[in-house]
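Asker: Below is the structure, and that's it, no one-letter string:
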């Protein structure tokens, strides 16, 4: 019989509408495997929703839950008090504004319960006021809009972050890495390695491993100078650098940079720089409620009219149409 002194965690997974199924499954499965390997129920969990009704994930699979928000408020003062609460969210998180849920999360945190967010869950935690001056992680696609909406949060494109009892991860398979880290703290690397073998994953990634493929793999570019210039561009989108500044930073002449970009990227450096700024603008339009003029400024455009002209030329629709089409898709889905 296992000792009663063995570490136990009781976890509540709160499911927000359109939550990410992959992040949710990746968080629960390592707990199940840990229990299997240990031979006793070291980790317990239950699922909650606002009203106790089933919740539909973003893949349209409906998941039944065990408790409601009202139940969890009662549990906080009884034997069923959890040690951790994770908010599971996904698409359309920007529109989430359930004040009862936000107040409950603050109450859980204030009562000493660790609180976390899976995938875009950092949005809900930030809206609840729990991420001011704290490190957090969110999916790279949502990062620009999140950073603009919550400037007090210290958001990073990491796989996961743990800061002062607040756990956040970028979603997808990053939830697996965060939970394996948690299990490793409770037990040891031997258990973590056994879980990895059962889950057919060959390693545990660290919190600060990159979310996206390296530029070299993502763009299919091998030239180190071109890659360093692109990194410089991506780090300076709100206040674009001039080609002279880029040349100084890369230690090349303007003519050399022009030639390299024509060879490697099939376009001028100025054109490529414009395209990545417009790509960021597109993410802000889709992932945030920022006015178009603020999106333009955040992406380094001197006027909304110039921004709209460039956007239409690249995407064949205006920024306003982009946002309207996105809202129409969300409503239909």
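Answerer: Yep, it's here. Predicted model only: the values in this text are computed from it and were never measured.
Asker: helix/strand/coil for residue 77?
Answerer: Here residue 77 is recorded as coil under DSSP: H, G, I helix; E, B strand; the rest coil.
Asker: now do residue 82
Answerer: Following three-state DSSP, we place residue 82 in the coil state.
Asker: Ramachandran angles for it?
Answerer: Backbone torsions of residue 82, given as degrees, to the nearest 10, read phi -80, psi 160.
Asker: pretty sure it contacts residue 13?
Answerer: No - in this structure, residue 82 is not within contact of residue 13 by C-beta atoms under 8 Å, at 9.9 Å. C-beta here means a position set from N, CA and C on the backbone, and glycine is covered the same way.
Asker: what's the spacing between residue 298 and residue 278?
Answerer: Noted for residue 298: a distance of 12 Å to residue 278, by C-beta to C-beta, to the nearest Å.
Asker: In the stretch 1-150 of the chain, mark out all the strands, start to finish.
Answerer: 9-15, 43-49, 55-56, 62-63, 67-68, 84-88, 114-118, 135-137 (DSSP state E, counting those that start in this stretch).
Asker: Return the most buried member of those.
Answerer: strand 114-118 (a mean of 27; mean count of other C-beta atoms under 10 Å).
Asker: how many other residues sit next to the residue nearest to residue 301 when sequence neighbours are not counted?
Answerer: In space, and not counting its chain neighbours, residue 301 is closest to residue 307: 3.9 Å by C-beta to C-beta, 6 or more residues apart in numbering. Neighbour count of residue 307, defined by other C-beta atoms under 10 Å: 23.
Asker: same thing with residue 101?
Answerer: 20.
Asker: same deal with residue 195?
Answerer: Residue 195: 25 neighbours (other C-beta under 10 Å).
Asker: which residues touch it?
Answerer: By C-beta atoms under 8 Å, 6 or more residues apart in numbering, the contact set of residue 195 is 30, 33-34, 37, 180, 183.
Asker: any idea how far residue 247 is from it?
Answerer: According to C-beta to C-beta, residue 195 stands 50 Å off from residue 247.
Asker: Same check on residue 286?
Answerer: 33 Å.
Asker: same deal with residue 266?
Answerer: Taken as C-beta to C-beta, the span from residue 266 to residue 247 is 20 Å.
Asker: Looking at these two now, which is surrounded by more residues?
Answerer: residue 247 (19 against 9).
Asker: Quick check: nearest residue in space to that one, chain neighbours excluded?
Answerer: residue 254 (5.0 Å).
Asker: could you list every residue that touches the one you found?
Answerer: By C-beta under 8 Å, 6+ apart, the contact set of residue 254 is 243-244, 247.
Asker: What are the phi and psi values at it?
Answerer: phi -60, psi -40.
Asker: Start the count at 17 instead of 1 going forward.
Answerer: Okay, using 17 as the starting number, the last item reads as residue 270.
Asker: Against residue 75, how distant is it?
Answerer: 48 Å.
Asker: ditto for residue 182
Answerer: 27 Å.
Asker: likewise residue 215?
Answerer: Counting by C-beta to C-beta, the separation of residue 215 from residue 75 is 20 Å.
Asker: cool, residue 225 as well?
Answerer: 25 Å.
Asker: do the same with residue 277
Answerer: For residue 277, the distance to residue 75 - C-beta to C-beta - is 39 Å.
Asker: and the two? which has more neighbours close in?
Answerer: Counted by other C-beta under 10 Å, residue 277 and residue 75 do not tie: residue 277 has more neighbours, with 21 against 11.
Asker: isn't the more buried one right next to residue 288, touching?
Answerer: Yes - between residue 277 and residue 288 there is a contact under C-beta under 8 Å: 6.2 Å.
Asker: re the thing from before, so how do I select the buried members of the contacts of residue 211 in PyMOL?
Answerer: Burial among the contacts of residue 211 is assessed by 16 or more other C-beta atoms under 10 Å; the matching PyMOL selection reads:
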select buried, resi 46+49+50+53+196+199
